[in-house]
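Novice: 3D, please:
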Amino acid sequence: MESVDRSKRILISVDWFPPAFRAGGPIRSTANLATMLAEHAQVWVVTGGSDLGETNPLVSQLDQWVSFPTANGPIQVWYGSDINRAFWKKKLREIQPHVVHLNSVFSRAFTLLPLRLLRTQRQIKTIVAPRGMFGKSALGIKPLKKRIFLSLTRMMGWMDSVHWHASSAGEREEVKTILPRAQVSVAQNLASPLPQDNPARSSERWRVVIIGRIHRVKNLDFGLKALLKSSSARPLEVHFIGPVEDATYQDELIALAQEHPAVSVQFLGGLPPSELKAHFQAAHYLLSSTTQENFGHSIVEAWAHGCPVLISDRTPWRDLADKGIGWDWPLDPATWATGLETALAANSDQWQAMSEASRLFFSTHVRSEEAERANLALFEL
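Specialist: Below you'll find the model as predicted:
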């Protein structure tokens, strides 16, 4: 495999970085990318000093470079309390990066401010990863403000020199729809390594995990309603894992669950990635009724842990039944009712075959050399 020259300097900008975890997938995507790049280049990361929705500092050493260990050696991370134009001007001059990778489209501090400076420094390759922000569901949040900004972007050519990093062919089309002249490369997000163990699950009950922020935009009620109306010879447990961003919405989900006391529903709150392994390895299925997902770290990590998935057809992962690793259904209640009946009727041997197929699919199609090559190609000058 070709390597990025180890003398190259790469600067990554992202709103949140580990130990932050509350913003979910984009944090994992950026951390895994930084880890991979650390084997081939010198890597710096500029990020926020607190987690999403939190005020407590993530680390004791704010506003200075902190050595962050990765599997491929340390990188330098700046957890900042005040990221402004003067900061970016100084850091770009100090680091003199060959490539800058910006994660987001609308973040003022971590995309728009550095992008304004980078427009006049054409010797620096500038990459922007939209991280799902050009999807219909994402654009539906504060739509007027975003439409005005994107119209100005097209008219003024603010991003004409940017190279776009799409995580799927679908995201590439989203970018091209909004910015027809955009230069876009597809490089699938990088997943964490395959766990060595895949312990047996209980055959006394079904356990389904739902992982993600508790927010109305996540369409969690659709999936929960489908589960609560399903029938199974085994008792059914549902575990929600994710930070609560909309307490009213969680109350609505709790009320739904209380109408069906035969199904055990628990809300476990947000958990750091290091604590998710035990939950994946105790679950029979991961469920995601998302209306939009450009990658889905919880989906691929479920496969890595031998957990098949029950998901909507709004992700890049399709035709799962043919692969024997789960199901992807349109967001239609009748279809989900029929599908869940099939999934929850599987016997132990059938489920074990899906579990083994899930791990194999992860190692051959998700955590693959092809994905790593595509990501490395983004950073070649």
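Novice: in the lowest-mean-pLDDT helix or strand in the chain, which residues are buried?
Specialist: Least confident helix or strand of the chain, by mean pLDDT, DSSP states H and E, is helix 136-139 with a mean of 82. Neighbour-count burial for helix 136-139 flags 138-139 (criterion: 16 or more other C-beta atoms under 10 Å). Heads up, the C-betas are built off the backbone N, CA and C, glycines and all.
Novice: show residues contacting the following helix or strand past it.
Specialist: Later in the chain than helix 136-139, the nearest helix or strand by DSSP states H and E is helix 143-156. Applying C-beta atoms under 8 Å, 6 or more residues apart in numbering, the contact partners of helix 143-156 are 106, 139, 158-159, 178-179.
Novice: using PDB, write down the CA coordinates of the least confident helix or strand of the chain.
Specialist: What follows is helix 136-139, C-alpha atoms only, in PDB (Å, rounded to 0.1, in the frame of the first residue of the first chain):
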ATOM      1  CA  LYS A 136     -32.100  16.500   3.400                       C
ATOM      2  CA  SER A 137     -32.700  15.900   7.000                       C
ATOM      3  CA  ALA A 138     -29.700  17.900   8.100                       C
ATOM      4  CA  LEU A 139     -30.500  20.800   5.800                       C
END
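Novice: check the offset of it from the chain's centre.
Specialist: The chain centroid and the centroid of helix 136-139 are separated by 15 Å under C-alpha atoms, centre = their mean, to the nearest Å.
Novice: just among the contacts of helix 143-156, which is most surrounded?
Specialist: The most neighbours of any of the contacts of helix 143-156, using other C-beta atoms under 10 Å, belong to M159, which has 21 neighbours.
Novice: residues near the closest residue to it other than its chain neighbours, how many?
Specialist: The shortest distance from M159 to any non-neighbouring residue, by C-beta to C-beta, 6 or more residues apart in numbering, is to T153 (5.7 Å). Neighbour count for T153, taken as other C-beta under 10 Å: 16.
Novice: again, but for T338
Specialist: Around T338 there are 12 residues (other C-beta under 10 Å).
Novice: so where does it fall, helix or strand?
Specialist: helix 333-343.
Novice: so how far is that helix off the chain centroid?
Specialist: 26 Å.
Novice: contacts only, for the residue nearest to S355 when sequence neighbours are not counted.
Specialist: The shortest distance from S355 to any residue other than its chain neighbours is 4.0 Å, reached at G306 (C-beta to C-beta, 6+ apart). For G306, the contact set (C-beta under 8 Å, 6+ apart) comprises 198, 281, 355-356, 358-359.
Novice: now render the residues you listed as JSON lines, adding secondary structure, pLDDT and neighbour count.
Specialist: Formatted as JSON lines, the contacts of G306 follow (DSSP: H, G, I helix; E, B strand; the rest coil; pLDDT from 0 to 100; neighbours: other C-beta atoms under 10 Å):
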{"residue": "N198", "secondary structure": "coil", "pLDDT": "94", "neighbour count": "18"}
{"residue": "Q281", "secondary structure": "coil", "pLDDT": "97", "neighbour count": "16"}
{"residue": "S355", "secondary structure": "helix", "pLDDT": "98", "neighbour count": "21"}
{"residue": "E356", "secondary structure": "helix", "pLDDT": "97", "neighbour count": "14"}
{"residue": "S358", "secondary structure": "helix", "pLDDT": "98", "neighbour count": "27"}
{"residue": "R359", "secondary structure": "helix", "pLDDT": "97", "neighbour count": "18"}
